[in-house]
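Participant: output the structure for:
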Amino acid sequence: MAQFFIAEMVIFAVMKRRGVSYQKRVADVNRIYDTHVKEGLSNREIWRRYVYPIWGISERTFYNLLKAESDPKNELPEPVQLLIQWELPS
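Facilitator: Residues are numbered from 1 along each chain as shown. Sure thing, here's the model as predicted:
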């Protein structure tokens, strides 16, 4: 019985972390966008100069990630933020 409970907890833990990479990508792309939109660059120019070289995503995906930021389910929980402290190249 205890082994089943432990296996269930492991599966639950794995399921909770699913999608963290997407959430991280949403946060990073939006951070890049917010930084460069103040310079007066167009969305396409921001995607071409700053997002595509790092993430290699299409322009359509770029727009979907900008739209995804407003969705509360894409916010990174605090414990997850501590696990993935990836730094983007400058």
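
Participant: pLDDT (mean, whole number) over the helix ranked longest in the chain?
Facilitator: Using DSSP state H to define each element, the chain has its longest helix at helix 20-37. Average pLDDT, helix 20-37: 88.

Participant: report the buried residues of it.
Facilitator: Neighbour counts over helix 20-37 (16 or more other Cβ atoms under 10 Å) mark 23-30, 32-33, 36 as buried. (C-beta placed from N, C-alpha, C; glycine too.)

Participant: go on, stretch 47-61?
Facilitator: 47, 50-51, 55, 61.

Participant: pick out the most distant pair among the residues you listed.
Facilitator: Greatest spacing in the buried residues of stretch 47-61, by Cβ to Cβ: Y50 and T61 (14.5 Å).

Participant: hang on, the earlier thing: E69: which of the buried residues of helix 20-37 is nearest?
Facilitator: Using Cβ to Cβ, those come closest to E69 at N30, 4.5 Å.

Participant: mind listing what the closest one touches?
Facilitator: N30 makes contacts with 65-66, 69, as judged by Cβ atoms under 8 Å, 6 or more residues apart in numbering.

Participant: of these, just say which sits nearest to N43.
Facilitator: Among these, and counting by Cβ to Cβ, the member closest to N43 is L66, at 7.9 Å.

Participant: that closest one: which element?
Facilitator: helix 59-68 (DSSP states H and E).

Participant: what angle do that helix and helix 20-37 make?
Facilitator: Relative orientation of helix 59-68 versus helix 20-37 (axes from the mean of the first three to the mean of the last three Cα atoms, to 10 degrees): 90 degrees.

Participant: what helices and strands are in contact with helix 59-68?
Facilitator: helix 20-37, helix 43-46 (3 or more Cβ pairs under 8 Å, 6 or more residues apart in numbering; DSSP states H and E).
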